[in-house]
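# missing the sequence, but the structure's below:
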């Protein structure tokens, strides 16, 4: 493995997953005993998720700017992203902040499109399923929604819960649209193998 900065940032993002999930499993009496407010858990989890999202942006930027791309990084970066999103959605389902159907749509699409991209790369057609604008908008809506639903409490009188709930539904709809887009782009190659 190439131990460059982008790959280390990706590994850091993966290491943040158990920290992020573990925050929600801290005993409530231990949090209170340390003089921390009840909102501390939500705030800390949201901050860890934001840091993970920033490392995702930073590792891509660094790899491109300093020509430190690698096959390992190209493989591991999307895996780290999907693990972080899946972990967040599962925690949010358990906390009753996201519906299970919405989480299944988003996680299922991530798995399906990852498999499709892997298969398209194996036949030399990865450019056909490169990230499209609809996928980028979906990701932005999804990430903001997750952050708002992790924070959950009102901020300056703004109901972040409500905004997050609407955004995650919009992200789920965009998830289905983007999946259709990628499947349509790959369909000629899929049809040829049937």
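That came through, no problem. Every value quoted in this text rests on a predicted model; they were computed, and no experiment measured them. Residues are numbered from 1 along each chain as shown.
# Just give me the neighbour total for residue 186.
Neighbourhood size, residue 186 [other CB atoms under 10 Å]: 19. Any C-beta I mention is one placed from the backbone N, CA and C, and that applies to glycine too.
# Give me the pLDDT for it.
pLDDT, residue 186: 77.
# same thing with residue 125?
68.
# now the strands for this protein?
Applying DSSP state E to the chain gives no strands.
# Any regions of it where pLDDT drops low?
Scanning the chain for pLDDT under 70 picks out the ranges 1-2, 29-38, 125-130, 194.
# Spatially central residue in this protein, please.
Closest to where the C-alpha atoms of the chain average out (CA atoms, centre = their mean) is residue 85, at 3.1 Å.
# pretty sure it is touching residue 106, no?
Yes. Using CB atoms under 8 Å, residue 85 is in contact with residue 106, at 7.1 Å.
# Quickly list what's touching both of the two.
In terms of CB atoms under 8 Å, 6 or more residues apart in numbering, residue 85 and residue 106 are both contacted by the residues residue 142.
# Walk me through the domains of the protein.
Domain assignment for the chain, taken from automatic domain parsing, gives 1-95, 99-194.
# residues contacting the residue nearest to the centre of the chain?
By CB under 8 Å, 6+ apart, residue 85 lies in contact with 106, 107, 110, 142, 143, 146.
# Just the closest of those to residue 9, please.
residue 143 (16.7 Å; CB to CB).
# Report how many residues lie close to the closest residue to the closest one other than its chain neighbours.
Counting by CB to CB, 6 or more residues apart in numbering, residue 143 lies nearest to residue 53, which is 5.7 Å off, once chain neighbours are set aside. Using other CB under 10 Å, the number of residues around residue 53 comes to 19.
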